[in-house]
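Asker: Provided below for reference: sequence and predicted model.
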Amino acid sequence: MPVQLNHTIVRATDKKRSADFYAQLLGLEVQPQFGPFLPVVTDNDVALDFADAGEEPITPQHYAFLVSEPEFDEIFGRVRSAGLTYYADPRREQPGEINHHDGGRGVYWLDPDGHVLEIITQHYGADGRTG
């Protein structure tokens, strides 16, 4: 069996708020709670398991999602409709712009806890990539 990412834990100040935020913007559904986790599962069966951080500080992480061109338009439309500031770059130095790396499109924005979210329509290095 090839190695596949199955799930990752996303620490949040409010797991329900964060799970709802991701699900609404990405066009996914919040799944039933499993133990302390509130999962949002992507189309390739990777679960983002949202967990309350409690008193521990949250270290911002980066979550990138590969999407089709039509999905990009839908998600980006929801990002703009929500009034979120978006950027063409992960350092957030190009606000209000998208990028066109590798012949695709990409955009970044922050979740309620400062995690950096990204949607891209092409793998990075897609021109020379075989898979």
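Answerer: Looks like it arrived, so ask away. Residues are numbered from 1 along each chain as shown.

Asker: going forward, measure contacts between C-alpha atoms and count neighbours the same way
Answerer: Fine.

Asker: Next, count neighbours for the residue lying closest to residue 27 once chain neighbours are set aside.
Answerer: Spatial nearest neighbour of residue 27, excluding adjacent residues (CA to CA, 6 or more residues apart in numbering): residue 75 at 7.3 Å. By other CA atoms under 10 Å, the residues close to residue 75 number 18.

Asker: Over to the one 5 residues further on?
Answerer: Around residue 80 there are 12 other residues, counting by other CA under 10 Å.

Asker: tell me which element it falls in.
Answerer: helix 69-81 (DSSP states H and E).

Asker: What are the buried residues along that helix?
Answerer: Residues 71-72, 75-76, 78-79 are the ones in helix 69-81 that count as buried (16 or more other CA atoms under 10 Å).

Asker: Now do that helix: which elements does it pack against?
Answerer: helix 15-26 (3 or more CA pairs under 8 Å, 6 or more residues apart in numbering; DSSP states H and E).

Asker: Tell me which residues are up against the helix or strand following the helix it packs on.
Answerer: Later in the chain than helix 15-26, the nearest helix or strand by DSSP H and E is strand 38-41. With contact meaning CA atoms under 8 Å, 6 or more residues apart in numbering, strand 38-41 is reached by 15-16, 19, 22-23, 28-33, 47-51.

Asker: Residue 96 is in contact with residue 107, correct?
Answerer: No - if you go by CA atoms under 8 Å, residue 107 and residue 96 don't touch, sitting 9.3 Å apart.

Asker: Show me whatever sits in contact with both of the two.
Answerer: Contacts common to residue 107 and residue 96, judged by CA under 8 Å, 6+ apart, are 86-88.

Asker: mind putting the residues you listed in JSON lines, pLDDT, neighbour count and secondary structure included?
Answerer: Output for those, formatted as JSON lines (pLDDT from 0 to 100; neighbours: other CA atoms under 10 Å; DSSP: H, G, I helix; E, B strand; the rest coil):
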{"residue": "86", "pLDDT": "98", "neighbour count": "22", "secondary structure": "strand"}
{"residue": "87", "pLDDT": "98", "neighbour count": "21", "secondary structure": "strand"}
{"residue": "88", "pLDDT": "98", "neighbour count": "21", "secondary structure": "coil"}
